[in-house]
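A.B. asks: give me coordinates for this.
(3 chains)
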Amino acid sequence: MTTPQASVLDDLPGDLMMWVLILSELAVFGAGLMGFLAVRLTDPPGFAEAQAHLHSTGAGINTLVLVTSGWLAALALEAARAGRRARLRALLAGAALLGGVFLFLKAQEYADLWAAGLTFESHAFYTFHMLLTGFHAAHVLAGILLLGLVGWLATPRAVEAGAAFWHMVDLVWVLLFPVVYLI
Amino acid sequence: MSVTRAWAWLIALTATSTAVAAIGLSGRWLALVVLALAWAKAELILNRYLHLAQAPNIARGFALGLALFMLALTSLAVAIP
Amino acid sequence: MKYQTQKIALAYFVVAMALFAVQVTMGLVLGWIYISPNFLSEILPFNVGRMLHTNSLIVWLLLGFFGAAYYLIPEEAEREIHSPKLAWLQLAIFVIGTAGVVVTYLFNLFDGNWLLGNEGREFIEQPRWVKVGIVVAALIFLYNISMTVLAGRKTAITNILLLGLWGLALLFLFAFVNPDNLALDKMYWWYIVHLWVEGTWELVMASILAFLMLKLTGVDREVVEKWLYVIAALALFSGILGTGHHYYWIGTPGYWQWIGSIFSSFEVAPFFAMMSFAFVMVWKGRRDHPNKAALLWSLGCATLAFFGAGVWGFLHTLHGVNYYSHGTQITAAHGHLAFYGAYVCLNLAIITYALPHLLGRDPYNQVLNMVSFWLMSGGVVFMTFTLTFAGTIQTHLQRVNGEGYMDVQDQLWLFYAMRFGSGVAVVLGAVLFIYAVLVPRREIIERGASQPAE
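C.D. replies: Numbering: from 1, shown residues only, chains lettered A, B, ... in the order given. Got it, this is the predicted structure:
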């Protein structure tokens, strides 16, 4: 009774607070995606028409970019644990660079929508599209900064936290991509 | 499974999603296929990139939550008239 | 009481309880005006009475927080408060400012004066000179406790408490931003109103609750701290963008409807976490603390906050629901139970815990204090139900059927009458509480001889 009981949380790979954040983010994006599909039921043709204006190929490429970037971040953690600083920094730089590529492709899509006069208010589809991908892009940007920070610190604990955030960004995108761009 | 192998799977699954969209699958069947593929990708990221495979109890909790979420998404996606 | 300067808390708590008495009395008057609308209409217009009810609530809760900080920070930081003189000065400014607001509004003095006149902005009605006083007092307070903490031991409890109190004070600066455009005015206004009660105050609440759990249950500090950080993270994650649920119908862009709906739905999470925290700590706790009343208030706080702030908040937070329900008695129901559960109970819990130490008596008169808990809580919960039913009917008649506001109000009379009854219970409970913590010196029921379990 008096001995501290082992908690299932002790098994968590990485920092508890990072997992609280990951879970919170997943809950928010999950609710957003469900809201999107629920509102789509009220106007399927309008949503299909609006979706046709997006860059679905660009978004598909972005999936490849992001999962590859996540792979580099995962390798960086292994390098950090092996004490190979130069390698982990190079890998994180690669991951961050691919994050930049992602944002570049994303920005082109926004620019084209903007040029076509399509904004937040044009249709419920765009409200959701811009909220969801906009929030996600903001996380990509934050992730790039975070990768820079943990690369500078270069401790296994820091790299683990930074990589975990980056994987969360990745995870959100693989769920968001089919819902918003494909179906 | 190493992270590199997980990455290869993720690439393959993404390519499959793009391919099924490209061959002209549409409507409910497209939704079913790409959401199933997304589900597999999400599990890979959770278990391999985020290393939940090391903590089976927690991984099961996440798997259950994800399954319910995918079920909700799929229902909403195929409910389209 | 280990540190002499903890005595400062006593004065804060006493002034807070005096204002608590004013607040609930004014509530009773307002409850009667709902039944008999011409009551006092010449000398105390409803809007002025309502201002006194809400402002005295806010001020006494703040004074309670300040008192709690002066009480727990010396114990946590393991040193005396940096400057007791400044603490007294701070209290004096608050008392003078509060009196100034009351006098200005009751007699409608200095109407239209830039510095002295009333400002008429809901909840931040204070004349400008009082607002300046509040800022000065808050700065004195922050300086005082920050210096104490910086010089002493830093714990998760003091970290989160300071974060909450600094945030609270800085956000109040938006009281000076008052654009001519009413939509913009409201937008900034919520930076105070919402980000206080659904942001920074939650941090204060979590840290005070954590302190109480630490003392009352004897659970390891390490465990308490882990919970505290998680609760604080959840509160900020959901609460900051949750502000969007006030931006549905005030002229802000439409995307706020989704941001507000989604994020504010998760505002239930920190309250659920706080409730789980309190109960898990009690289950795990090894200490049988004699101050049972403080424990009752703490658990009551976490539970009623979950229902009042969490469940009743979620009830009308989705924009599809809020489209019909906003500004009805549903809001009043939520407001009453949320404030009572989260912040009133919290203050009464720390007061119940601290006063025996501050007055140099053993935990005493538990029974009267606990009776006051059930009386007051029963009253507020009953009030919440009557207002919820009133609000449901109001929403249907007024917003769905389109009947006139006053026609609907007539039909709600029965609920207002029942609400007045529950208000009487609350006032009696409040008076009983104040009596129970301040006056009696002896236990009413002696403790049984303790025996080892089994």
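
A.B. asks: where in chain A is pLDDT low?
C.D. replies: Residue ranges of chain A with pLDDT under 70: A:1-6.

A.B. asks: show me which residues of it sit near chain B.
C.D. replies: A:8, A:11-14, A:22, A:30, A:33-34, A:37-38, A:40-41, A:44, A:56-57, A:60, A:63-64, A:67-68, A:70-71, A:73-75, A:78, A:163-164, A:167-168, A:170-171, A:174-175, A:177-179, A:182-183 (C-beta under 8 Å from any C-beta of the partner chain). Placement of C-beta: from N, CA and C, glycine included.

A.B. asks: now, these that are in helices?
C.D. replies: A:22, A:30, A:33-34, A:37-38, A:40, A:44, A:56-57, A:60, A:63-64, A:67-68, A:70-71, A:73-75, A:78, A:163-164, A:167-168, A:170-171, A:174-175, A:177 (DSSP state H).

A.B. asks: can you select the buried ones from the residues you listed in PyMOL?
C.D. replies: Burial among these is assessed by 16 or more other C-beta atoms under 10 Å in any protein chain shown; the matching PyMOL selection reads:
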select buried, chain A and resi 22+30+33+34+37+40+56+60+63+64+67+68+70+71+73+74+75+78+163+164+167+168+170+171+174+175+177
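
A.B. asks: so who does residue C:16 touch?
C.D. replies: Listed by C-beta atoms under 8 Å, 6 or more residues apart in numbering or on different chains, the contact set of residue C:16 reads C:60, C:61, C:63, C:64, C:67, C:347, C:351.

A.B. asks: cool, and residue C:224?
C.D. replies: Residue C:224 neighbours (C-beta under 8 Å, 6+ apart): C:156, C:157, C:210, C:213, C:214, C:281.

A.B. asks: export stretch A:166-181 to PDB, keeping only CA atoms.
C.D. replies: What follows is the C-alpha trace of stretch A:166-181 in PDB, where atoms were taken according to Å, rounded to 0.1, in the frame of the first residue of the first chain:
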ATOM      1  CA  TRP A 166       7.200  16.000 -35.700                       C
ATOM      2  CA  HIS A 167       5.600  12.600 -35.900                       C
ATOM      3  CA  MET A 168       2.400  14.000 -34.500                       C
ATOM      4  CA  VAL A 169       2.400  16.500 -37.400                       C
ATOM      5  CA  ASP A 170       3.000  13.600 -39.800                       C
ATOM      6  CA  LEU A 171       0.200  11.600 -38.200                       C
ATOM      7  CA  VAL A 172      -2.300  14.400 -38.500                       C
ATOM      8  CA  TRP A 173      -1.500  14.900 -42.200                       C
ATOM      9  CA  VAL A 174      -1.900  11.200 -43.200                       C
ATOM     10  CA  LEU A 175      -5.400  11.300 -41.700                       C
ATOM     11  CA  LEU A 176      -6.200  14.800 -43.000                       C
ATOM     12  CA  PHE A 177      -5.000  14.200 -46.600                       C
ATOM     13  CA  PRO A 178      -7.500  11.500 -47.700                       C
ATOM     14  CA  VAL A 179     -10.400  13.200 -45.900                       C
ATOM     15  CA  VAL A 180      -9.900  16.700 -47.300                       C
ATOM     16  CA  TYR A 181      -8.300  15.900 -50.700                       C
END
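
A.B. asks: on that earlier part again, among the contacts of residue C:16, which are in helices?
C.D. replies: Mapping the contacts of residue C:16 onto helices (DSSP H) picks out C:60, C:61, C:63, C:64, C:67, C:347, C:351.

A.B. asks: correct me if wrong: the third one contacts residue C:19.
C.D. replies: Yes - under the criterion of C-beta atoms under 8 Å, residue C:63 makes contact with residue C:19 at 6.9 Å.

A.B. asks: overlap in contacts, the two.
C.D. replies: Counting by C-beta under 8 Å, 6+ apart, residue C:63 and residue C:19 have no shared contacts at all.

A.B. asks: more neighbours: which of the two?
C.D. replies: Each of residue C:63 and residue C:19 has its neighbours counted (other C-beta atoms under 10 Å in any protein chain shown); residue C:63 has more, 26 against 23.
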